[in-house]
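Trainee: here is a sequence with its predicted model. Questions after.
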Amino acid sequence: MKLWGGRFSQQTDEMADAFHSSITFDCRLYRHDINGSIAHAQMLGRQGIIPASDAGAIVEALKGIMADIDSGALPIDPRAEDIHTFVETELVARIGDAGRRLHTGRSRNDQVALDMRMYIKDEIDAIDALIKGLLETLLAASRAHVDTIMPGFTHMQKAQPVTLAHYLLAYFQMFKRDHRRLAYCREGADEMPLGAGALAATTYPIDRAYVRDILGFRDITANSIDAVSDRDFCVEFVSCLSMIMMHMSRFCEELVIWSTDAFGFVEISDAFSTGSSIMPQKKNPDMAELIRGKTGRVYGSLMGLLAMLKGLPLAYNKDMQEDKEAVFDAADTVKSCLSVFCGMLGSATFIAANMRKSAQGGYTNATDAADWLVKKGATFRDAHEITGRLVLYAIKRGLPLGELSIDEFKNISEMFDETVYAALSIEACVEARNVPGGPARGAVLREIGEAEAFLCEIGVQL
Ligand code: ARG
């Protein structure tokens, strides 16, 4: 059945019909669509816009339709134009004329905007739950590695020693921001558009606030034209998801590198690795690579949405039907990636001995030698120059700084004395960085305490 046959004297071309149908993907909105319709019908009955008995019949029948789709008793007809058409057709088939009153004062334009907002709010809740789980996993791993010293890098070159806890807490901060962004995005999506009609609202005495309350929205949309043409909440949502993917992807890149023979910083568990069909020795970090790869796909959805919207005049245009697959695919991708990522991270073994050994090489304590000279009165620029010469000399000798003799130190600068050795130990380098946000034990424990307090605040039971 078509919802718009009256004005047409010719059949729609079969190919055109298949082309503009969205049922194969918007079928997943059936619960949101039916709940929206139930609220609309209740409001119509309460306002006396349709007979109360018809409203009651509509609500009961819609509940039955939802239960039947849930149970599989009512398969969604792939020949329907979209989920809105399918539900209404089924409603009329079940209760006749009462069902034909449901669409009073409503358009599919405000209806689909409502469905998408409801869907996105639910997805945000589901994704946020996964983010909370990931934050917990990161916190647990951080607690276990407060004393695991590893090299920090810039330009992928060893830079200064940090601890694995400090490193993991960096990712904690990223996903904490993702949680905040999702909350902000949810607030934007939390406006109820029904009542906007096709674009110019409606002539019936509707009660938008009542529908808002039934459906649990924070507010109603302010402008009917904006309400049906706005997809900012879709762009914001997929933008938040892109950031989540970007953060996971960066971590995955590290896990891929860290699990190489050359690094040996981590062993990804067998449960989250795969083998090779030809090379019997191989254990590959496929999950990490796939998450990295799927990041591009979510970015693609974001770009697709932005490009789809950029030329659209107000108000609704059919182009906007293209919002769905982008939003759905991004949400599905992020949920599966977060689940796998959390499992992979939680079961990975960090190889503390290799991390420590690596931190000890590559002159990661050179800054500390320069800082030692500054504390003896040198300017930082002089200290940098002297230490640069010291490193050059040590490289030629093939020794770490701590293994040069005191005479060798003094040959580079008379300022050096025996106390420099203590400052150059890897533990001392980490411990000396005891400022808020730094890698020293005390600073990391404070950061862990703040992370715990944050998780409590957002309702995570530790
Ligand atoms: N399937 C449509 C969409 O997703 C529903 C809205 C249809 N509105 C219309 N005026 N054709 O955008």
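Mentor: That came through fine. These numbers come from a predicted model, not from an experiment. Numbers count the residues shown, from 1 in each chain.
Trainee: okay, CA-based contacts and neighbour counts for the rest of this
Mentor: Fine.
Trainee: could you measure from residue 403 over to residue 364?
Mentor: 14 Å (CA to CA, to the nearest Å).
Trainee: okay, these two: which has more neighbours?
Mentor: residue 364 (25 against 11; other CA atoms under 10 Å).
Trainee: tell me the phi and psi of the more buried one?
Mentor: When read as degrees, to the nearest 10, the backbone of residue 364 gives phi -70, psi -10.
Trainee: how about residue 200?
Mentor: phi -110, psi 30.
Trainee: mind listing what it touches?
Mentor: Counting by CA atoms under 8 Å, 6 or more residues apart in numbering, residue 200 touches 224, 225.
Trainee: tell me how far it lies from residue 193.
Mentor: Separation of residue 200 from residue 193 (CA to CA): 12 Å.
Trainee: between the two, which contacts overlap?
Mentor: Contacts common to residue 200 and residue 193, judged by CA under 8 Å, 6+ apart, are residue 224.
Trainee: correct me, but residue 417 touches residue 405?
Mentor: No - the criterion here is CA atoms under 8 Å, and residue 417 misses it with residue 405 at 10.4 Å.
Trainee: now stretch 297-308: how far from the chain's centre is it?
Mentor: Remark: stretch 297-308 is offset 15 Å from the chain centroid, using CA atoms, centre = their mean, to the nearest Å.
Trainee: neighbours around residue 299, how many?
Mentor: Neighbours around residue 299, by other CA under 10 Å: 20.
Trainee: which of the helices or strands spans it?
Mentor: Counting by DSSP states H and E, the element that carries residue 299 is helix 286-309.
Trainee: could you point out the helix or strand that follows that helix?
Mentor: With elements assigned by DSSP H and E, the helix or strand that comes after helix 286-309 is helix 323-347.
Trainee: what are the ranges of the helices in the stretch 351-462 of the chain?
Mentor: Listed in chain order, the helices of the stretch 351-462 of the chain (DSSP state H, counting those that start in this stretch) span 352-360, 366-375, 380-397, 406-412, 420-424, 426-431, 441-457.
Trainee: identify each buried residue in the fifth one, please.
Mentor: The one in question is helix 420-424. Across helix 420-424, burial judged by 16 or more other CA atoms under 10 Å covers 420, 421, 423, 424.
Trainee: in space, what's closest to residue 53 - neighbours in sequence excluded?
Mentor: residue 45 (7.8 Å; CA to CA, 6 or more residues apart in numbering).
Trainee: ok, now residue 383?
Mentor: residue 370 (4.8 Å).
Trainee: check which helices and strands the helix or strand containing residue 66 is in contact with.
Mentor: Using DSSP H and E, residue 66 sits within helix 52-71. Helix 52-71 is packed against helix 30-46, helix 83-95, with contacts defined by 3 or more CA pairs under 8 Å, 6 or more residues apart in numbering; DSSP states H and E.
Trainee: so which of the ones you listed is nearest residue 454?
Mentor: Relative to residue 454, the nearest member of the helices and strands packed on helix 52-71 by CA to CA is helix 30-46, separated by 32.2 Å.
Trainee: how about the residues of the stretch 201-350 of the chain by the ligand?
Mentor: 318, 320, 321 (CA under 6 Å from any ligand atom).
Trainee: now those in JSON lines, with neighbour count?
Mentor: Shown next, in JSON lines, are these (neighbours: other CA atoms under 10 Å):
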{"residue": "318", "neighbour count": "9"}
{"residue": "320", "neighbour count": "18"}
{"residue": "321", "neighbour count": "15"}
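Trainee: can you put those in CSV and add pLDDT?
Mentor: Shown next, in CSV, are those (pLDDT from 0 to 100):
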residue, pLDDT
318, 97
320, 98
321, 98
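Trainee: roughly how far does residue 395 sit from the ligand?
Mentor: For residue 395, the distance to the ligand equals 65 Å [CA to the nearest ligand atom, to the nearest Å].
Trainee: next: residue 204.
Mentor: From residue 204 to the ligand the distance is 20 Å (CA to the nearest ligand atom).
Trainee: hmm, residue 105 and that residue touching each other?
Mentor: Yes - counting by CA under 8 Å, residue 204 touches residue 105, with 6.3 Å between them.
Trainee: more neighbours: the two, which one.
Mentor: Using other CA under 10 Å as the criterion, residue 204 and residue 105 rank with residue 105 on top: 20 against 14.
Trainee: mean confidence for stretch 343-353?
Mentor: Averaging pLDDT along stretch 343-353 gives 97.
Trainee: pretty sure residue 152 is touching residue 164, no?
Mentor: No - assessed by CA under 8 Å, residue 152 is found out of contact with residue 164, at 9.2 Å.
Trainee: neighbour count: the two, which is higher?
Mentor: Using other CA under 10 Å as the criterion, residue 152 and residue 164 rank with residue 164 on top: 26 against 18.
Trainee: from this structure, which residue is nearest to the ligand?
Mentor: residue 321 (3.6 Å; CA to the nearest ligand atom).
Trainee: just to revisit the earlier point, quick one: closest of the helices of the stretch 351-462 of the chain to residue 127.
Mentor: The nearest among the helices of the stretch 351-462 of the chain, by CA to CA, is helix 441-457 at 15.7 Å.
Trainee: what's that closest one packed up against?
Mentor: Contacts defined by 3+ CA pairs under 8 Å, 6+ apart place helix 441-457 against helix 108-144, helix 164-189.
Trainee: check which residues of it are buried.
Mentor: For helix 441-457, by 16+ other CA under 10 Å, it's 441, 442, 443, 444, 445, 447, 448, 451, 452, 455.
Trainee: likewise for stretch 43-57?
Mentor: 43, 44, 45, 46, 49, 50, 52, 54, 55, 56, 57.
Trainee: quick one: contacts for the third one?
Mentor: Same thing as residue 45. So residue 45 contacts 51, 52, 53, 54, 55, 56 (CA under 8 Å, 6+ apart).
Trainee: and if you look at the first one?
Mentor: For residue 43, the residues meeting the contact criterion (CA under 8 Å, 6+ apart) are 206, 207, 210, 211.
Trainee: how about the nearest residue to the third one, chain neighbours excluded?
Mentor: Read that as residue 210. residue 43 (6.8 Å).
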